[in-house]
Each structure stands twice: as C-alpha cells, then as structure tokens.
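J.: whatever this is, show me its structure:
(2 chains, ligands or ions: 2)
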Amino acid sequence: MPKDGGIGASSKRREDVRFLTGQGNYTDDINIHGQAHAVFVRSQVAHGTLNGVDTADAAAMPGVLRVFTGADFEGVGSIPCGWQVTDRFGEVMQEPGHPVLAQGKVRHVGDPIAVVVAETYEQARDAAEAVVPDITDLPAVVDMKAALAEGAPKVHDDLTSNLCYDWGFVEDNRDAVDAAIRGAHHVTTLELVNQRLVANPMEPRVAIGDYAPGTGDSTLYTTSQNPHVIRLLMGAFVLGIPEHKLRVVAPDVGGGFGTKIFHYAEEAFCTFAAKALKRAVKWTSTRSEAFMSDAHGRDHVTKIELALDEQGQFLALRTDTHANMGAYLSTFAPSVPTWLHGTLMAGNYKTPLIYVNVKAVFTNTVPVDAYRGAGRPEATFQLERVIDKAAREMGIDPVDLRRRNFITEFPYATPVAVEYDTGDYNATLDKLLEIADVAGFSAREAESKARGKLRGLGLNCYIEACGIAPSNLVGQLGARAGLYESATVRVNATGGLVVMTGSHSHGQGHETSFPQVISEMIGIPEDMIEIVHGDTANAPMGMGTYGSRSLAVGGSAMVRATEKIIAKAKKIAAHLMEAAEGDIELKDGQFSVAGTDKSVAWGDVTLAAYVPHNYPLEDIEPGLEETAFYDPANFTYPSGAYACEVEVDPDTGKVTIERFAAADDFGNVVNPMIVDGQVHGGLAQGIGQALLEGCSYDSDGQLISGSYMDYAMPRADDVPFYSVDHSCQTPCTHNPLGVKGCGEAGAIGSPPAVVNAVVDALQRAGHSDITHIDMPLTPARVWSAMNG
Amino acid sequence: MSNVTMKVNGKPVSGEVEGRTLLSSFLREGLEMTGTHIGCDTSQCGACVVHVNGQAVKSCTMFALEAEGAEVTTIEGMANPDGSLSVLQQAFQDHHGLQCGFCTPGMVMSAAALLQDNPKPTEAEVRDYLEGNLCRCTGYHNIVKAIMAASGQDVAVAAE
Ligand code: FES
Ligand code: FES
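T.: Ligands and ions are numbered 1, 2, ... in the order given. You can find the predicted model right below:
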C-alpha cells in the first residue's frame, strides 16, 4: 500500500503550484528599485595580448553610467579555486590567477574584458558594441596533447607549462599494476573520449548586486546551488567583504546540474559595481553568453587497460587520462578528474590492483568543472566500456563477466582508498534483467530485422560516491572547504515549524520531501512544516546542493536538529504531565507517559515553550529552536544496473533509443515519485551525451557550438518512456536516514549502456571490427564506422 | 518609442516600447508578468511560449508591436477562474511533470495548444509537438505522461 504521507510517500510537490501558475521567483524576476543594467564585452578570440580597451565612445553613449575594465579590478582579489591537488611527486598543482575582468591577456572566447553599466539593458547593450578592445592575437592551444608539447604557447605566461598537475593514484601501486598487466593472460585496451558538454540548465545565470550606503551592507541575488559558498568565496577572497556585511540570496533557481555551484566573475562584478555606483546592478546571461561563460563539463581523453586471467577474473586496471581544465581553474575543477574519478575506478568489482594517472591541462577554452556526476560518469564510462570489450574478446557473456567480478561482501575497502558500506550488485542486476525484459530481446531483434533495422542491447553497472565527506579527510585531499551541512529547526508557538537548511533546491523538491521526514519523526502533518533555503540570512551555514548530497547530508543535519527539538519537547512534556522524562513517548503528534493514559499534544508543548507559565524555567530555556551541523563519516554509495535497447538504421546510421531500463539501489527512499523524476532527468542527460551533445572548438579556439542551433539538446522525441525501479534497497549504514542520493545516477549510468547497445547492434550485423565509437553517436559517426 | 495596446489574460494593457522590444520583454519588463521565461536567444527553447489569438507563439520571436490589438494568454492566465489549477496544470503536478519549473510555463502553454488542436494525441504526437520545448530536468517522461493524462488517456498503459 503506498503511504499517504511521511517517509516513503509520493507526496505531491507543493512548489509546483507557484511554478505552474507563473508565480515562481527566479533571480531574473527580481527587479530592485533604481537598478542599472550590466552588459559584458567578451573576448572573441581564444588567446591574445590585451593592449588596452577603448571605452571613450561607449562611455559617452546615452544612459551609460560607467564602463569598467580590468584596470578597475587591479586591487581586487583573484577568483579562487576551492581545491588544491597534490601531484605524483608531492608538488602542489600550478594555480594561475583568475581576474574578474581580463588583465593583460585574454585566454578563451568569452573571457570578460569590459562591462558597460547603463540605465537600461538596451542602452548597455548598444554601448557594449562601442567598446573597442585592442588585442594582438596569439596562437591558441585547444588540443590537450598539443598543449603539453614542448614549446607550446602558454595559456598563463607565469606558469612553467600548461600542465596543471600530473596525478598518480594510488602512486604506490604504479609498478605492481604495470607488472600485473604485463604478465596477464589477457589485456583489453580501449582509447576513448569523454566529450566536453555544456550543462545547460534552462535558466541562464543571473546576478544582481545591491548596496545600502547607509549601512554598508552588500547583497547579491544569484542563480546559485550554494549561496553560502558564494558568500565565503566572493566575500573573503575576491572583494574583501566580511560575511556579516554580505548577504547572498539564491531564490528559485531553474536547474543547476553543477554549473551553478561555482563562483563566477559576473557575481563579483555586480556586487562590486553596486557599491561603486551606489545602486543595484543587474546582469542576465543570454544563452549565447552562457555557452561561453558557464563552466563546461567532462572533456577527458583516456586510455584504459584491463588485465584478466583465463576465467575472466579482473587482475589489474590502469587508466591514463588527460583532463581539460580550460583557461582558468573553476571552483572545484581540480577535484573532478582526481578524487571524484580515481576513487571510483574499482566500480562494482573486485579488481585488486588499480592505478590512475591524470594529467590536467590548461587550454584556451572555457573552464571545465563539475557537471552532473562529475568524474563518476567518466570513471563509469571507461570501466563499463572496457569490460564490454573484454567480454567480447574473451567470448564471455558480458553479464556473466560482471557477475564473476562483483564485490559481494560489505563493507569493502577498494584499492582506490574508499570503503563501500553496503550494496547488492547481483540484486540490482537481477531486477534489471526483469524490468528490461532481456529475455524478450531476441523476439524484438527479429521484429526490428523484419523492418530492416539493426537492434542491439547494452547493459552496464555503476557505482557512485555521493555526499562527499568527511571534512577532515577531504581537507587532507586538498579541499579548501568543509563538506558538512547545517539546519536550524524553528518551532513556532502554535506548533508549526520552519526548517532553515543549507541545502538548496533547484528542482529537487526539498520543500516537499524534507517535511516528509519531519512529519514522520514528530507525527504532525507535512503542511505544518516549511522549508526555507537559499538565503545566507536564514540558515546558519550551508555547503549547498551538488554531488547528490542534499538528503544524505542536509537531510541528516535536519534530522539531528529535529532530534534535539524532540528531546527538549519531551522535557517540557514531562514537566506538564509531572512524569519522568525517560517515560515520555512521542507518537502521532502526542506526548504520552508510558503505561498510563496521560498525554499532551504537540501544540500544547510548543505553546508552553513560548508561553512558559507552567514551565521548568530553572532547568531549561524557553523557546524551541535547535541547530545541528552534520558531517558524514563516509561517502554514500548508490549503485545499479542499466540496460538500453537501440535500433540503428543501416542506411543512415541514425540511432533510436527503443527501451531504457534502470534498476538503482539508493538505500531508503523518502519520496519515490521525486526519485523516479531525478532518474528520468539523469537518463535524458546521459542519453544526450551518448547520442547528441558535444561542445566543439575549432583549432583556433573558436567555439563552434555556441547556441542551441549547433549544440544538440535532447528533445522529447529523442527519448522513450523509461522503466525505472529502486526497490533494491541496501540502506546506508552511517547516516540516520539510511539514504544514499539519487540525483546523478541516471547521468552516470546511462552513457555506457547506450554505447554498448550500439556496438552490440553493429556486431550482431556482422561488423565485428567495430568495438567502440566515440560519443556523441551521431548518424555521421555511426554510418562512417559501418562504412569504413 | 511607440505605444502598444493589447489584451493579456483578458485585461486591456498598454505601454511604451521600442520597435525592437520583443513581446517576451514587454510581458516581463513592461507588464512585470514574469511567468513567461526566457531560456535562449535563438528561438529554440520554448520557455517563452504564450498564446496570441489562440495560437501558441514563442514570444521571443515576435515584436511587442506586432501584438497590437491581440489577445494574449500567458501562464498567469491558465488557472481556473477560482484560482485552482486547470486540468492540464493539475496533471503536471499529479504526474511530477516539472522539477525546477523553468521550462514549465512554456510546456504548459504548448501542451494546451496541442490539446486544443488534437484532444487525444498519441504519445508520438505529444513528443513530436514538444520538439520546440526544451526541458533539462525531467527527461520528458513525466511531461508526456501529464499531457496524456490531461487528455483523459490511460497513462499507465502509455508508460509501459
Ligand atoms: S526564449 Fe523564446 S524560444 Fe527560447
Ligand atoms: S523542469 Fe527544469 S527545465 Fe524543465
């Protein structure tokens, strides 16, 4: 029986009503009295010396208040990077400066050079066209291997080369892995590209800076997944504004997918300019601007080798990756190809020896950072592709090969420094075979064949690590932040309560799912509980929402704060009923004394807390408000198995997704409807990567895919109805809810399933030489593979 | 600057606009009706869809002055007269057809136009009709389900 409330219920989303009626409050919907408008002038070349900027004509145009250039930011801090990686040799990474507006050089198409601030948007836009940067073109580096060649043009003249770091993990395994591969019965090698993607939340980024001259307080309204992080990075490192004089608000945010984690120049600019001009300054990105200024994702070039014995047991794994950083280090960029990628290379398998080498490279392209999955899709893709290839080479069924190597005992310490707490990979795989109706594949294949189409089936498993933690460990790994979360639960006199959380909801439905948890704990209706997020003036601190961490980390903080509330409320109830505190039970919103018929309602206790006439004032304070910070003991490890069935048109190479099934283990699930939706969205992004999307540059560093005209986003008719299941549940053992996180799984698990399916279709059609095609599998690429 | 007059959600409105002012900007800035969203600058995302004289139109592809005298309906005008959600809006909520909500106004306006022309569309017809509306959150599954449900068709079968 589906529940109608609390944990496990598919409660309908309360946020939907405002979004369905046009009453949302997105950043661009905010207009501050007297605001001015900012338009950025951006570099049109990938690399050049910036000799100067002629702003005279622009400054004289109607409505223009001021034209800012890099010179205005000389005394201002550099946009910081939040993670410092240490390389194979114990040296810290090369870390270039990142000015708010370009100084001396431009380093990618889209690099901001100047900003016009005017009374109206149109005036600012007109004047921006009159700003004339004086740039001497320099040769650009776009390809990563070319960027590392001797004598290559340097993106940053003050660094020794374009190499950010050369990371080895686990470095002590390097020789043992090499020996195991050289001595193995069979080695499967695969070279592949995990192409550059653009996250493309449908809401473009927006920043509004505001300044109150009377108090000296600054406020930034921004499209962020983590307003407290922006307050810290921008306040402490760029503009020198202490937290108590800076408020950051991220209201309704129209999707993030990682790209709204990072601190961007436009945020610092608007905050700075508001103070300089003593009026609010608003900037709204166009989509074309987003393509050249939002941090991109992926962009790895990899060679992977898997060594196996005669029985198909994995002996060793080595992966060698070049990871593109772009022209500057975005906030968490260095962590993505290292700690979010290398630590996942064991996947679901007992591979005893693993070595991961990653060279991170600067190029004249937009900075690359975390995008839905961040490092884990790259790990999963190469691992699950190489396993499929190995299965074919050794003549072993790919499902069977995976099962032979599954980790089956938990906790399991991998050779890449993480410990999986729980999982049941056979269970999710069994469930997948059932919901994907793998048994019925042959009949469907025959039916496709009758229509002249090639059908293929691809499967894979995945594991991911969510809720990155604990803080003291990530600190050792180079994180310059803690990775806890906080929550304040404020109970009002009449019993309703407000949770101020540091997690941020930009599509995830926290306003609905978080109250389900508290409703379950206290036994009061969900509509008595309100979630407040996205404002540094409310929650005490917040690390925000990314890495599928909100419920596992933010939800756990909320649980801990609620436990404190309940403990105090029980003391009050004990006083009201003249009973011992230890005898008080709370159920369905009623406090009772065990073994008696005495009870008081939740509302009586909350009222007593604020009208403390009959109250143990000598023992406890009035009021009912508690805060908790929760720092997880470990990551969580969602896992699962995915299956894709494709049809390939042999005449055109066009691939259509006929069926897609996903069996996930997310541990406990609070709102199954929301979890299904998260998986659906991730699947479409993964299918988009596999078949459609690709950010491309020409050899001069011109961005070729700069709009929706040439960056192919998945549309409704590119995807099927998905079959998703999360009934296999091995709860996380170290957080109070037993939850693991579900936001990224779909995007992590789906690309290899699609590519495995296409390769399968082509192999079944006799193309035994086709073992891999690089994404996106466009008709042109598939047709070319088939036609040599 | 020229004066433009039209009816938006049944209410006469007017304002001063430049020749280049798009209908989408007039709605958002001129009338402060921010339910209509802007998601791109190449007329591809569909976040800005409104109805002009009963037809679904991307309001970023039309100048405000071109809507002179027109009847415009936006997402703000889609609820029932008593303020409750319309059948289509309710279906989006019931089937979790939205996450961040940014594409939602355009999706609802497009879907309403589809159902007006084709009250019982097939799944393929729904997917085809939505080709001008991008959603990055939902993977479209629940949007298609919601529209099928709003047309009174059995979504359980459709989702098989
Ligand atoms: S804003 Fe009109 S189609 Fe994108
Ligand atoms: S719900 Fe976020 S873009 Fe569609």
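J.: going forward, measure contacts between C-alpha atoms and count neighbours the same way
T.: OK.
J.: which intervals of the chain have sub-threshold pLDDT?
T.: Went with chain A since none was named. Applying pLDDT under 70 to chain A picks out residues A:1-2.
J.: right idea, wrong chain: chain B
T.: B:156-160.
J.: how close does the residue in it that ligand 1 sits nearest to get to residue A:712?
T.: Per Cα to the nearest ligand atom, residue B:43 is where chain B lies closest to ligand 1, at 3.4 Å. Residue B:43 sits 14 Å away from residue A:712, going by Cα to Cα, to the nearest Å.
J.: then residue A:178?
T.: Plainly put, residue A:178 is 40 Å away from residue A:712 if you go by Cα to Cα.
J.: I figured residue A:58 hits residue A:123, correct?
T.: No. Applying Cα atoms under 8 Å, one finds residue A:58 not in contact with residue A:123, separated by 9.9 Å.
J.: which neighbours do the two share?
T.: Taking Cα atoms under 8 Å, 6 or more residues apart in numbering or on different chains as the criterion, residue A:58 and residue A:123 both touch residue A:64.
J.: now do the domain split for chain B, please.
T.: Listed domain ranges for chain B are B:2-77, B:87-153 (source: automatic domain parsing).
J.: do you know which of these lies nearest ligand 2?
T.: Nearest to ligand 2, of the domains of chain B and by Cα to the nearest ligand atom, is domain B:87-153 at 3.7 Å.
J.: can you confirm whether the closest one lies near ligand 2?
T.: Yes. Between domain B:87-153 and ligand 2, judged by Cα under 6 Å from any ligand atom, the touching residues are B:98, B:99, B:100, B:101, B:102, B:103, B:104, B:135, B:136, B:137, B:138.
J.: out of the domains of chain B, indicate the one that is most buried.
T.: Neighbour counts (mean count of other Cα atoms under 10 Å in any protein chain shown) averaged over each of the domains of chain B peak at domain B:87-153, with a mean of 23.
J.: wondering if that one reaches chain A at all.
T.: Yes. Using Cα under 8 Å from any Cα of the partner chain, we find that domain B:87-153 touches chain A at B:89, B:93-94, B:96, B:98-105, B:108, B:124, B:127-128, B:130-131, B:133-142.
J.: first-to-last residue distance for that domain?
T.: End-to-end distance for domain B:87-153: 13 Å, by Cα to Cα.
J.: and if you look at stretch A:155-172?
T.: From its first residue to its last, stretch A:155-172 covers 32 Å (Cα to Cα).
J.: now swap in stretch A:632-640 and tell me
T.: Taking Cα to Cα, stretch A:632-640 runs 22 Å from one end to the other.
J.: just the strands in chain B please.
T.: For chain B, the strands defined by DSSP state E occupy B:2-8, B:11-17, B:49-52, B:55-58, B:71-73.
J.: is the fourth one positioned near chain A?
T.: Right, strand B:55-58. No. Using Cα under 8 Å from any Cα, strand B:55-58 stays clear of chain A, coming no nearer than 15.0 Å.
J.: circling back to that earlier point, nearest to residue A:635, out of the strands of chain B?
T.: Using Cα to Cα as the measure, strand B:49-52 is the one of those that comes nearest residue A:635, at 42.3 Å.
J.: for that closest one, packing partners?
T.: The contact analysis (3 or more Cα pairs under 8 Å, 6 or more residues apart in numbering or on different chains; DSSP states H and E) places strand B:49-52 against strand B:55-58, strand B:71-73, helix B:104-117.
J.: swap the cut-off to 6 Å and go again
T.: Counting contacts by 3 or more Cα pairs under 6 Å, 6 or more residues apart in numbering or on different chains; DSSP states H and E, strand B:49-52 packs against strand B:55-58, strand B:71-73.
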